[in-house]
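[1] below are the sequence and a predicted model for it; my questions follow.
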Amino acid sequence: MAIIGFVGLGNMGGPMLRNLIKAGHTVRAFDLSARALEAAKDAGASVCASSGEAAEGAQVILTMLPAGAHVRSVLLGDTGLFSAAQKGTLFIDASTIDVETARMLHEEAGKSSHLFLDAPVSGGTGGAAAGTLTFMVGGSEEAFMRAKPILAAMGKNIVHAGGAGTGQAAKICNNMILAISMIGVSEAFVLAEKLGLSHQKLFDIASTSSGQCWSLTSYCPVPGPVPASPANRDFQPGFTAAMMLKDLKLAMAAAMGANAATPLGAQAAALYALFAASGEEGRDFSGIIQFLRGENAPG
């Protein structure tokens, strides 16, 4: 079992920490939120007064933070964890951040004689609690093999995507697909409503036909056909519209840098920006069906 420093105990990090402890790992935890630290303590973690204290004696340091700027501030600089940690520490960043920052962190970790992985996740808060997350991992084979038993305590599918930054690349590409497909499924249900076709009948047909996709069969945006979907609980997240918009912005920035054409991704980003601006940034991203019905347009 490993000694793990864990920085970032929010809606995703908190449940991930609990699964590490259940697996028998020793976890030293830090977060700016006193409530998050109290929950970590109740789960069996040793709570720390700073990220540096959480890193003391850790063999593995895991970060789960909102954006690239936060990860850079924790890891870099004279007081950052790359400087504070003992040589040979394995760093796993499970945050969803920009590809450029991820690649830079790989380089800086190497300069400090550390191993680094960019390992964003898919599966939302439900997957974090159940320990069924998918990890998309970028980095060396050596680092991946060392991290795999740690990640296995938190996830069901652990995929080595390739070298530095490929974990982040996989995450933003996957979520661009998800955003586009959710909008397409939602548009189809709105059209069906106008044409007098019931939700269940459209689901029964499309789910066994060429329109089948995850957004339909696992996360259907109307109540009834998929009982576990957020549509059955007033679109409580799940995965918020704000988080989807963040990932789409990362995808668009990456597309611009790579000179890649993503017209549907750009349109999805624009629609989610409007949905979030309507006051629904905290609603599940599948709630965009309400926006497409005109139920919560801005102004």
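    Noted; the coordinates are in hand.
[2] what distance do you get for Ile180 to Ala43?
    Distance of Ile180 to Ala43, given as CB to CB, to the nearest Å: 37 Å. Where you see a C-beta, it was placed from the backbone N, CA and C, and this is true even at glycine.
[3] and for Pro221?
    Taking CB to CB, one finds Pro221 at 33 Å from Ala43.
[4] more neighbours: which of the two?
    Pro221 (28 against 18; other CB atoms under 10 Å).
[5] so the more buried one sits against Ile289, correct?
    Yes: between Pro221 and Ile289 there is a contact at 4.3 Å, judged by CB atoms under 8 Å.
[6] biggest strand in this structure, by residue count?
    strand 155-162 (DSSP state E).
[7] and it, what does it pack onto?
    strand 133-138, helix 141-152, helix 166-195 (3 or more CB pairs under 8 Å, 6 or more residues apart in numbering; DSSP states H and E).
[8] pull up the overlap in contacts between Pro221 and Ile289.
    186, 189, 231 (CB atoms under 8 Å, 6 or more residues apart in numbering).
[9] which of those are buried?
    Buried members of those, counted by 16 or more other CB atoms under 10 Å: 186, 189, 231.
[10] what is the burial count for Pro66?
    For Pro66, using other CB under 10 Å, the count is 14.
[11] one more: Ala94?
    Per other CB under 10 Å, the neighbour tally for Ala94 reads 27.
[12] quick check: it touching Ser122?
    No: using CB under 8 Å, Ala94 makes no contact with Ser122, being 10.9 Å away.
[13] pLDDT weak spots in this protein?
    296-299 (pLDDT under 70).
[14] all strands of it, in order?
    Under DSSP E, the chain gives strands at 3-7, 26-30, 46-47, 60-63, 90-93, 115-118, 121-122, 133-138, 155-162.
[15] on that earlier part again, can I get the shared contacts of Pro221 and Ile289 in a markdown table with distance to Gln59?
    Below are the shared contacts of Pro221 and Ile289 laid out as a markdown table (distance: CB to CB, whole Å):
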| residue | distance to Gln59 |
| --- | --- |
| Ser186 | 45 |
| Phe189 | 49 |
| Ala231 | 43 |
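[16] let me see the domain layout of this protein.
    3-163, 169-292 (automatic domain parsing).
[17] quick one: end-to-end length of the longest one, please.
    I take that to be domain 3-163. One end of domain 3-163 to the other measures 26 Å (CA to CA, to the nearest Å).
[18] before we move on, what about the last one?
    This stretch, domain 169-292, spans 29 Å end to end (CA to CA).
[19] same question for stretch 120-133.
    So stretch 120-133: terminal residues 10 Å apart, CA to CA.
[20] I'd say Ser215 and Met182 touch.
    Yes: applying CB under 8 Å, one finds Ser215 in contact with Met182, separated by 4.4 Å.
[21] those two: who's more crowded?
    Met182 (26 against 22).
[22] can you name the residues that contact that one?
    215, 219, 221, 285-286, 288.
[23] switch to 6 Å and redo it
    Residues near Met182 by CB atoms under 6 Å, 6 or more residues apart in numbering: 215, 286.
[24] dump the residue contacts of Ile183.
    Contacts for Ile183 (CB under 6 Å, 6+ apart) come out as Ala268.
[25] ok, it to Phe135 distance?
    Computed as CB to CB, the Ile183 to Phe135 distance reads 26 Å.
[26] cool, Lys148 as well?
    9 Å.
[27] which residues are common contacts for those two?
    In contact with both Lys148 and Phe135: Ile158, using CB under 6 Å, 6+ apart.
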